[in-house]
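In: test case, fold it:
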Amino acid sequence: MNPPSDDLDALIGELNASASEAAPLLEGTSRIDDWLAEVVRRRGSDLLLVAGSPPMVRVDGALVPVADLTLDGDDITAMIVPLMPRHAAKHFHERGIADASVRMPSLGRFRVNLHHERGRAAAAIRVLPREVPSLADLHLPPEVEPLSRLTRGLVVVGGATGSGKTTTLAALVDAINRRDARHIITVEDPIEYEHAHQRGLVEQVEIGIDAPDFPTALRAAVRQAPDILVVGEMRDPESMRIALAAAETGHLVLSSLHTTDIPSAIGRICDSFPNERQNTIRQELSLTLSAVLIQALLPRNGGGRVPAVELLMVSYGARQHIRKDALQHLHQEITMTRRAGSITREESLARLVKDGSITRADAMARAGHPDELDGLLPRA
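Out: This is a model prediction of the structure:
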């Protein structure tokens, strides 16, 4: 049962009071705004707050402490809840976990995940760039840009957490928005990149503010005359079903999944449905899927990170393998559809080694087919 509004106001008031009481402990470089400023200064990606540990910043994939201080769960709750919008604070109060986008004066926007671990509050705060990056800014291979020129079908962008899936989706939307007069609707939880209207018209729907959940937002979006529908993440069977239906009816649907290779991306969609439905979903997916892009971020020589990708442009052969649940053959389909724009992970890694972006050792560690990669690289 939802708590009364007065109870929520009282809770937030108590947390604000707790934050004030904690000020002596959290003053100076230990204050949340100072930590976030340090993340921005170091060009870090995340601020991680976990009970029993000092606040940590992720820079180029590595964690670095930013204060000589050990936090507890009450400190974290008292600092973070007052920053969050009302709906997110309510969600945290009810369910113990919440996501929100937060704007900090002079620092910019951040994505906040407030949750519990071992019964104590913890938070992961990600820096959101002020501007939407271009595909070129992201150093993605040229095979990715044609995804923005597709006119229909489902495009899935996969990768592990923190691999840049949302950023790639935003860059694809930006490319379309700048080039084409098309109506784009995004459904996100929360909104990470804010798109200005360019040649296109972009509506951004945030879960918790503009709609209660993904299925409700998606059902409404398909009735709002979109050309392109962007699903921040396909989290449940109903969202997947609506995304597939939208792709079937002639829309271009862009979405992300937490998967690390192309077969697992397709398998995860099918396996999300009951057994009796999976064959039907495979048939639908074989007809609607246009492309699957999987990406990973690797340490760049000299600092920073660079993406390696695997891209399948779905052709007749891939559709047959999806329909027959023979996903083990999809790697071969990538090699057979290079002319259509497909690229294997090994080819992407080999390019990065040859241009000096990454080491041979890092490339071999990320290869799904090390022997294939070894054949693409010059002899050591």
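
In: how much space between the closest residue to Ala51 other than its chain neighbours and Arg235?
Out: Once flanking residues are discounted, Ala51 sits nearest to Arg120: 4.1 Å by CB to CB, 6 or more residues apart in numbering. Every C-beta, even on glycine, is put in place using the N, C-alpha and C of the backbone. Between Arg120 and Arg235 the distance is 25 Å, computed by CB to CB, to the nearest Å.

In: next: Ile191.
Out: Ile191 is 16 Å from Arg235, by CB to CB.

In: what is the neighbour count of the residue nearest to Ala51?
Out: When neighbours are counted by other CB atoms under 10 Å, Arg120 registers 17.

In: quick one, phi/psi of it?
Out: phi -120, psi 150 (degrees, to the nearest 10).

In: which residues are in contact with it?
Out: The contact partners of Arg120, taken as CB atoms under 8 Å, 6 or more residues apart in numbering, are Ala51, Asp72, Gly73, Ile76.

In: burial check on the third one, number of neighbours?
Out: Spelled out, that is Gly73. Using other CB under 10 Å, Gly73 is surrounded by 18 other residues.

In: any idea of the pLDDT on the residue lying closest to it once chain neighbours are set aside?
Out: In space, and not counting its chain neighbours, Gly73 is closest to Arg120: 3.1 Å by CB to CB, 6+ apart. Per-residue confidence (pLDDT) for Arg120: 96.

In: and the gap between Arg120 and Thr151?
Out: For Arg120, the distance to Thr151 equals 49 Å [CB to CB].

In: equivalent analysis for Thr186, please.
Out: Taking CB to CB as the measure, Thr186 falls 18 Å from Thr151.

In: over to Ile294?
Out: According to CB to CB, Ile294 and Thr151 sit 23 Å apart.

In: looking at those two now, which is surrounded by more residues?
Out: Shown here are Ile294 and Thr151; by other CB under 10 Å, Ile294 has more neighbours (27 against 12).

In: surely that one is within a helix?
Out: No - counting by DSSP: H, G, I helix; E, B strand; the rest coil, one finds Ile294 to be strand, located in no helix.

In: bridged to it, which residues?
Out: Beta-bridge pairing of Ile294 under DSSP bridges involves Gly158, Glu310.

In: that one reaches Pro263, doesn't it?
Out: No - assessed by CB atoms under 8 Å, Ile294 is found out of contact with Pro263, at 9.9 Å.

In: about what we covered before: who is the residue nearest to Gly73 paired with across the strands?
Out: Under the criterion used (DSSP bridges), Arg120 bridges to Glu117.

In: all strands for the stretch 1-150 of the chain, in order.
Out: Along the stretch 1-150 of the chain, counting by DSSP state E, counting those that start in this stretch, strands occupy 46-50, 56-59, 62-65, 98-104, 108-117, 120-128.

In: between the ones you listed, which one is closest to Ile176.
Out: Taking CB to CB as the criterion, strand 120-128 is the member of these that comes nearest to Ile176, at 20.2 Å.

In: now the closest one against strand 46-50, angle please.
Out: Per axes from the mean of the first three to the mean of the last three CA atoms, to 10 degrees, the angle that strand 120-128 makes with strand 46-50 is 180 degrees.

In: send the alpha carbons of strand 120-128 over as CSV?
Out: The C-alpha atoms that make up strand 120-128 are tabulated as CSV, following Å, rounded to 0.1, in the frame of the first residue of the first chain:
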residue,chain,number,x,y,z
ARG,A,120,22.2,-0.8,4.3
ALA,A,121,21.7,2.0,1.8
ALA,A,122,24.1,2.4,-1.1
ALA,A,123,24.2,4.6,-4.2
ALA,A,124,25.7,4.6,-7.7
ILE,A,125,25.8,8.0,-9.3
ARG,A,126,26.7,8.4,-13.0
VAL,A,127,27.8,11.6,-14.7
LEU,A,128,25.5,12.5,-17.6
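
In: same list, the strands of the stretch 1-150 of the chain, but as a markdown table with distance to Pro307 please.
Out: Below are those laid out as a markdown table (distance: least, CB to CB, whole Å):
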| stretch | distance to Pro307 |
| --- | --- |
| strand 46-50 | 18 |
| strand 56-59 | 17 |
| strand 62-65 | 18 |
| strand 98-104 | 24 |
| strand 108-117 | 20 |
| strand 120-128 | 17 |
